[in-house]
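Colleague: The following comprises the amino acid sequence and a computationally predicted model.
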Amino acid sequence: MWTDDLTVGIDEIDSQHRSLFQQLEKLLDACVAGREREEVMTMLGFLDQYVVTHFATEEGLQQEYGYPEFDRHRAEHAVFLHRLQFFKEELSASAPSRDFVLRVNQTLIDWLTSHILTVDKAASEFLLKKMTG
Ligand SMILES: [Fe+2]
């Protein structure tokens with residue numbers, strides 16, 4: 001799922017992004033393999049915590065360097081966290097179905113991919129100029 005064109009050029013962010021994709025892949029594999037719901041819930045919990053940390057890293061850098069699109073970027077992050085919350089609630093009520101896997105794929109992975117390619121790249125371009133200049 002991870003491809004080189006997702007690289008934004010800031011090492012800390014790139015390695016967090018790669019880790020996010022790996023965690024999402026593992027989560028989906030566990031669902032497909034029919035693992036226990038508790039195990040999948042735990043993975044989703046870890047993912048949630050990691051996402052919060054990752055967004056804090058990005059937002060912290062943006063604040064530190066006075067990124068003008070900070071509010072908009074943070075609002076996008078909030079949408080993702082909201083969707084993640086929705087999946088957690090769904091999983092706490094029923095076992096992961098094929099439909100669940102499909103929607104996690106479509107909602108979380110597609111969101112993350114397009115977010116990185118557009119808003120994260122734009123933010124990183126700004127940050128890199130500030131950090132190196
Ligand atoms: Fe972001």
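Modeller: Okay, I see it. Residues are numbered from 1 along each chain as shown.
Colleague: By mean pLDDT, which helix or strand of this structure comes out lowest?
Modeller: Taking mean pLDDT, DSSP states H and E as the measure, the chain has helix 98-104 as its least confident helix or strand, at a mean of 89.
Colleague: starting at the chain centroid, how far to that one?
Modeller: Distance of helix 98-104 from its chain centroid, counting by Cα atoms, centre = their mean, to the nearest Å, is 17 Å.
Colleague: what helices or strands is it leaning on?
Modeller: In terms of contact count using 3 or more Cβ pairs under 8 Å, 6 or more residues apart in numbering; DSSP states H and E, helix 98-104 is assigned the packing partners helix 11-32, helix 70-93. (Each C-beta comes from the backbone N, C-alpha and C, glycine too.)
Colleague: List the buried residues for that helix?
Modeller: For helix 98-104, the buried set under the neighbour-count rule, 16 or more other Cβ atoms under 10 Å, comprises 100, 101, 104.
Colleague: Which of the residues you listed sits closest to the ion?
Modeller: Closest to the ion out of these is residue 104 (18.9 Å), distances taken as Cβ to the ion.
Colleague: In this structure that closest one contacts residue 25, no?
Modeller: No: using Cβ atoms under 8 Å, residue 104 is not in contact with residue 25; the gap is 10.7 Å.
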